[in-house]
Structure formats: structure tokens, C-alpha cells
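A.B. asks: just coords:
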């Protein structure tokens, strides 16, 4: 256990057992590789044996990289009560990005904005910025409505100590709080605020009912509007950067870098929060929790960001799609936290402005002599950097109109030309997953990060409730990560030269996750076809080598089960995670193809925005635990093919074994095909149901 000034770091209690298991399992994996390769050297090589050997070697490498997450996992608790007085808190900016009001419902975006404005943090030190990358009239209108509502909502939350500061959540059944009802006059005040919230919703919906107000404006001049600038309330700003069809805009990374520059003029806080537009602030104390790391004298110098888990308010009890991504947020991120910190997840992260703008933790100030080369030719922005670094500034006070004029200049499409934005400054443009690659590059520069998984979720979003949206998102992520793996910033080369080996292994695994597809496709075809023909690819049951294969299988399952149960999961969750893991792994072959096309220049760079609009019918299926493959036929094609092969292999294999009496030789393949069939039953059932309805 490590005790710091404002937080406590706890090492996993069964760490020694975990490491012992890894070492024993590693011996078994190496033994299997030896068994496969030696057989190839001493026997005439056959196509099935070569393919299975390649599959198992690939899986062995991926498994080995995966263990880096389990080598030194830690958890953290914070002591917010020990923080300095609020008067001494640093400034904090909050960045919210939105693009398409049809896929990201405007009222939902405003719930996020209002929850950010109501954060439990000194108002005079808080600023909230919304980047509207679609330039839609409805978003600006909604921001003005939200600004008016916030003037009532923020004082209400502070007066009664409201914990749920997202109005939608507060006015839902989950917002019922008996302690609040004891306050005199609370109920009447709540009803009054609720009426104003409903009025805001109706006004936004009415304005958005005109299709012209929802239209994306991709050819526009920059626009900045200050929505709220009253004493006692946080600064609230609307930003729509310049967009021209013929000029690159760098997607979300470009929007965040624009917010970095604009906020430098208006608030210039040393720390900022990035939160997705559908991920409202559920716990208003998250900023104070993050400050337990940024203000801790033992960790403040080199902490680049504090990452919170992405959690969701619409998860069903039977999370069949594993939308909670337990493996990522309970195993991988905690494992990375014990090395030099987790990666950046894209939402729910507090970042140091210095880390994004000033290179390494030990960066000296002399490079500001060439500031225009790095940051562009805005003298006003460069002066703001000096303030962040604690240097003297020659900047004179100017009117708000002059400041906004300067801020508009850094929103232009051409501002970043011949600068280091996107390479050495700000969010990186190496791949479309700007947060993942930025977090990784920060680690290569010597920065560290921390991960906090509090009991109360600090941020809650909306998870996909059908396979189509989930797979679109998965393919987008995995294809971009694979591109990173083959770029000049590859963790296999660039990372090893500047990071610890084990920490580099974690990023190697992250970039190569899509390669699971080759293992599962080979393992889902070769043993099954060989079973039909009576060709063994596993040792006989009586062969001592069979015990090694059986040990690896049981060891893997036990490791997974222990991780699920220790994370307050269930055996049912363990089984469901295996099912969706195989489904996602097979589907990730599309991510490999997408990455290859982009690498060869056959695909134009584009960003597929996830649909956050809620479909009631899909939600009902999800809550009932039924798979919904509607509209996902292309993604399901490889899985359907594998299922057909396994069904034929299952029944044909049983018939052949009963006739040939070679059960001992074929047991391994029979077990494999039975296991796949058991995992695939609900998926097969959903596909049959979908086909019967469409027919």
C-alpha cells in the first residue's frame, strides 16, 4: 500500500498468486508451442497442422502480451476532505464535443452541458465549452436555452446539496432522495424547477422539429458565443470552428485542439475535463477527486491525466453485449495503472494543459522562444502559455470584443498550417482515435497517468443496445488501433525505446487486438473439417500431451472466472463475456480489412459517429437479453459461416465417431465443437428468428 498526501494506492492482495499462475501457465503455453513445432520438424507437414500451429502461436503471443495487464494492478482511493480550501483550487475547463443532432439528440447533449455547469467546484474557477462541429442552428439555440435554465438549476443544486446534477437523472425515479424531501420548501421548489426543465425540453424539440435547424453546415465561418458570464455561475461558451469542404478538419482531435486554443483566451485553466456529449456528470465531486492527484505534491509534477471509467445508465441486468466492458475498465486499466498509468479513453478524463502543450514533464521554458513554430502566430495565445508556465507576460488587458476576435482567429482552418499542432502539440492526429494515441504519446514522453474507479460512477453515458451500432464502433476502434501498430509510433518500436517493456506490452496488445480474428477463424474451421475427415489435430486423451492442452484451457477459464467474480460479477456474466468476446473477435476481421484499405489508400479517412438516439424496440430486446442483429447482416456473415461449419462438424463428427470408434483421437475436436455450439446457441437462435421475420 502506498499512502500519498491526498490519495491511497493499494496493490492487488493476491498479486503473488496471480504472478505464480502467469508463470505456470507460460510454461504450459511454451510446451504446446514446442509440441506443435517439433511435430512439424519430425513429421511430414500437413496443411491442418500448419494452420493450427500458426493459430496457436498467434494466440500465445497475444496471451503473453495480455499478461502485462495482470503483472502489477493497483486500485486507488481519494481523500477529498484533505484538499486545500476551495479558494486555492486551480481553474478547470470542461470540453464537450457534439456533431450531429440526429445521432446525438440535442436535449441529451444539453443534459450533459448542464450537469457540467453544475459541477461541485468554485464557479469563478470553472468554464464549460461546447464544440458544435456540425454548426447546426438547433445546437446554438439549445445552448442559449440551457444557459437560461442553468441560472435556476445551479443555485437550486447548491441550496439543497443535490447529488444528481443531471436534470434528466434528477427528475427520474433514480433521483428520489428522502433526505432532500425533509428540507422545508424543497418539494415546491423542485416542482418549479422541473416545470422550467420541461419547458426547455419542449422549446428545443419544437425548434428542432424544423429539418433546416438540424442540417449540418460543413461550409461555415468560425463562431464563438459566450452564453453565460454572470457572477456566481461558471462561464458557458459555444464554439463552432471554421469548416470548409476542401480543407482537412481532423475530426474530434481538431475540435479539441480548437477548444484548447479558444479556452486559452477566455479562461486558460491549467486543467480540463473532456466528456462525451452523451456522458453526463453523474457525481459532481469528480473534479475534486481528480485534484487529489493533480495537487498531490508527490504526483503532481508528472501526472498528465486522471482517467475515470466509462459507465452507462442504460445497461440491462443481463448485459449480453458486454457494453460495460468489464475487461477494459476492471482488468486492463487497473493493470496499466500499476505500471505507469492507463490509456486515455476519450471521455471522463481530466488532463493537465501543460502535458498537452509542453512536451515532457522536464521541458524547459526556452523552447517558447520558438513558440510560433509550435503553436502558431497568435501572440495572444502564446502569452496565455506563459501564464500557464508561471512566466511573466507582456499581454495587456483587452476588451471582451477584442479577446473574442483573437479567439476567432485560432478557429480558422488554416491556423494549424506549418505548426506542431497534432504532432507535438495538443491532441494527436496520427489516427482518428485522438485520445488513445494522445495518451500513449504522453506516456512515451515520460508523463504518467492514474486511474480512479470510485463506487459512485462519476460519468454515465448511453451504451449501444444492438449489434449493429456496437460492431460499427468496434470496427472503427480496432482498425484505427491496428493502423497505430503499423505506424512510426508503433508500440513495438517507438514505445520500446521510451517506455518500460511491460508498459509497452500493454499498448502492443491494444493495437493488435483485432488479430484475434485469425485465431478464432482458424480454430472455428480447421478442427471441425478435420473432425469430419477423421484427421486428429489434438493429442489422444491417453497421451500425456493432452493433459497440457487441458490445463491451458482450464487455467484460462479459471483466470477469467476469478477476475469476473472478484469484480462483483457472476458466473452468468463470465459465460456471457466469453460469448460476446468470440463474436467480437470474429467480427474484428472487418477491422483488419478496413485498416488494410486505409493503409493502401483505398479508403478515404472518415469518422463514423455512433448513434446515441434511443430506439424503444431495440431497448426492449436488450433488456430481455435477446440479441438484435437487425441491420448487421454484413458483420454477422463470418460468424454465420463459422456456425454452419460447426453445426455440420458437430452432428457429422458425432456420427463419424460412433461409426469409427475413434473417440480418444477425436475427443479434443468434439469438445471444441461442443463448446462453440453451447456458446453460440443464443446467437444462432437470434439469427434464425431474424431470418424467419424477414422471410
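C.D. replies: Cool, got the structure. None of the values given here were measured: they were computed from a predicted structure.
A.B. asks: When you work out contacts or count neighbours from here on, use the C-alpha atoms and nothing else.
C.D. replies: OK.
A.B. asks: remind me which residues of the stretch 501-650 of the chain are low pLDDT?
C.D. replies: Residue ranges of the stretch 501-650 of the chain with pLDDT under 70: 604-616.
A.B. asks: Below-threshold pLDDT in this protein: ranges please.
C.D. replies: Scanning the chain with the threshold set as pLDDT under 70 gives 366-367, 604-616, 687, 689-695.
A.B. asks: Please repeat the previous calculation with a cut-off of 50.
C.D. replies: 694-695 (pLDDT under 50).
A.B. asks: which parts of stretch 152-163 are buried?
C.D. replies: Within stretch 152-163, the residues that count as buried by 16 or more other CA atoms under 10 Å are 153-154, 156-157, 162-163.
A.B. asks: got the residues you listed as TSV, with secondary structure and distance to residue 109 columns?
C.D. replies: Below are the buried residues of stretch 152-163 laid out as TSV (DSSP: H, G, I helix; E, B strand; the rest coil; distance: CA to CA, whole Å):
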residue	secondary structure	distance to residue 109
153	helix	16
154	helix	17
156	helix	21
157	helix	19
162	coil	20
163	coil	20
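A.B. asks: Return the closest of those with respect to residue 184.
C.D. replies: Nearest to residue 184, judged by CA to CA, of those is residue 156 at 13.3 Å.
A.B. asks: Next secondary structure element downstream of the strand or helix carrying residue 262?
C.D. replies: Assigned by DSSP states H and E, residue 262 belongs to helix 251-266. Note on helix 251-266: by DSSP H and E, the next helix or strand toward the C-terminus is strand 271-276.
A.B. asks: Summarise which helices and strands that following strand is packed against.
C.D. replies: Helices and strands touching strand 271-276, by 3 or more CA pairs under 8 Å, 6 or more residues apart in numbering; DSSP states H and E, are strand 92-98, strand 349-352.
A.B. asks: Which helix or strand lies directly C-terminal to the longest one?
C.D. replies: Once strand 92-98 ends, the next helix or strand along the chain (criterion: DSSP H and E) is helix 106-117.
A.B. asks: How far does that next one sit from its chain's centre?
C.D. replies: Once both centres are worked out by CA atoms, centre = their mean, to the nearest Å, helix 106-117 turns out to sit 20 Å from its chain's centre.
A.B. asks: Now do it: everything it contacts.
C.D. replies: Where contact means CA atoms under 8 Å, 6 or more residues apart in numbering, the residues beyond helix 106-117 that reach it are 94, 96, 98, 126-128, 130, 138-139, 142-143, 146-147, 150, 154, 165-168, 201, 204-205, 233-234, 236, 277-282, 284.
A.B. asks: What backbone torsions are found at residue 447?
C.D. replies: Residue 447 adopts backbone torsions of phi -80, psi 160, taken as degrees, to the nearest 10.
A.B. asks: Grab the nearest non-local neighbour of it.
C.D. replies: Nearest residue to residue 447 in three dimensions, chain neighbours excluded: residue 302, at 5.2 Å (CA to CA, 6 or more residues apart in numbering).
A.B. asks: Could you find the closest non-adjacent residue to residue 375?
C.D. replies: Nearest residue to residue 375, sequence neighbours excluded (CA to CA, 6+ apart): residue 419, at 6.0 Å.
A.B. asks: Same question for residue 76.
C.D. replies: For residue 76, ignoring the flanking residues on the chain, the nearest one in space by CA to CA, 6+ apart is residue 9 at 4.6 Å.
A.B. asks: Quick one: the strands in the stretch 151-300 of the chain, in order.
C.D. replies: Counting by DSSP state E, counting those that start in this stretch, the stretch 151-300 of the chain has strands at residues 223-228, 235-240, 271-276, 280-281.
A.B. asks: Partner strands of the third one, with direction?
C.D. replies: In other words, strand 271-276. As defined by DSSP bridges, the strand partners of strand 271-276 come to strand 92-98 (parallel), strand 349-352 (antiparallel).
A.B. asks: Let's have those in JSON lines, adding distance to residue 79.
C.D. replies: Formatted as JSON lines, these follow (distance: least, CA to CA, whole Å):
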{"stretch": "strand 92-98", "distance to residue 79": "19"}
{"stretch": "strand 349-352", "distance to residue 79": "17"}
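A.B. asks: which one of those lies closest to residue 227?
C.D. replies: strand 92-98 (14.6 Å).
A.B. asks: buried ones in that closest one?
C.D. replies: 92-98.
A.B. asks: Any idea how many residues pack against the residue nearest to residue 447?
C.D. replies: By the criterion of other CA atoms under 10 Å, residue 302 has 18 neighbours.
A.B. asks: Tell me where the stretch 201-350 of the chain has helices.
C.D. replies: In the stretch 201-350 of the chain, the helices defined using DSSP state H, counting those that start in this stretch lie at 211-214, 251-266, 286-294, 326, 333-337.
A.B. asks: out of those helices, nearest to residue 562?
C.D. replies: Closest to residue 562 of the helices of the stretch 201-350 of the chain is helix 326 (CA to CA; 12.9 Å).
A.B. asks: For the closest one, which outside residues touch it?
C.D. replies: The contact list for helix 326 (CA under 8 Å, 6+ apart) is empty.
A.B. asks: cool, and stretch 38-55?
C.D. replies: Here stretch 38-55 makes contact (CA under 8 Å, 6+ apart) with 33, 36-37, 518-519, 522-523, 526-527, 530, 537.
A.B. asks: Out of these, grab the one that's most surrounded.
C.D. replies: residue 527 (28 neighbours).
A.B. asks: Which strand or helix spans that one?
C.D. replies: Residue 527 is part of helix 526-533 when elements are defined by DSSP H and E.
A.B. asks: Pull out the buried residues from the strand or helix carrying residue 644.
C.D. replies: Secondary structure from DSSP H and E places residue 644 in helix 633-660. The neighbour-count check on helix 633-660 (16+ other CA under 10 Å) flags 635-636, 638-639, 642-643, 645-650, 652-654, 656-657 as buried.
A.B. asks: Residue 499 belongs to a strand?
C.D. replies: No. Assignment of residue 499 by DSSP: H, G, I helix; E, B strand; the rest coil gives coil, placing it outside any strand.
A.B. asks: Report the contact partners of the residue lying closest to it once chain neighbours are set aside.
C.D. replies: Of all residues not flanking residue 499 in the chain, residue 444 sits nearest, at 5.6 Å (CA to CA, 6+ apart). Neighbour list for residue 444: 495, 498-499 [criterion: CA under 8 Å, 6+ apart].
A.B. asks: what do you get if the cut-off is 10 Å, keeping everything else the same?
C.D. replies: 360, 438, 489, 491, 494-500, 504 (CA atoms under 10 Å, 6 or more residues apart in numbering).
A.B. asks: Any of those residues buried? List them.
C.D. replies: 360, 438, 489, 491, 494-496, 499, 504.
A.B. asks: Which ones among the residues you listed lie within strands?
C.D. replies: Applying DSSP state E to the buried ones among the contacts of residue 444, no entry is found in strands.
A.B. asks: Just those residues: which are in helices?
C.D. replies: In helices, defined here by DSSP state H, the members of the buried ones among the contacts of residue 444 are 438, 504.
A.B. asks: Adding distance to residue 250 as columns, could you present the buried ones among the contacts of residue 444 in TSV?
C.D. replies: Below are these laid out as TSV (distance: CA to CA, whole Å):
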residue	distance to residue 250
360	24
438	14
489	18
491	23
494	23
495	24
496	28
499	27
504	27
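A.B. asks: of the buried ones among the contacts of residue 444, closest to residue 15?
C.D. replies: Nearest to residue 15, judged by CA to CA, of the buried ones among the contacts of residue 444 is residue 504 at 20.3 Å.
A.B. asks: Just to check, that closest one is in contact with residue 65?
C.D. replies: Yes. Between residue 504 and residue 65 a contact is recorded at 9.2 Å, counting by CA atoms under 10 Å.
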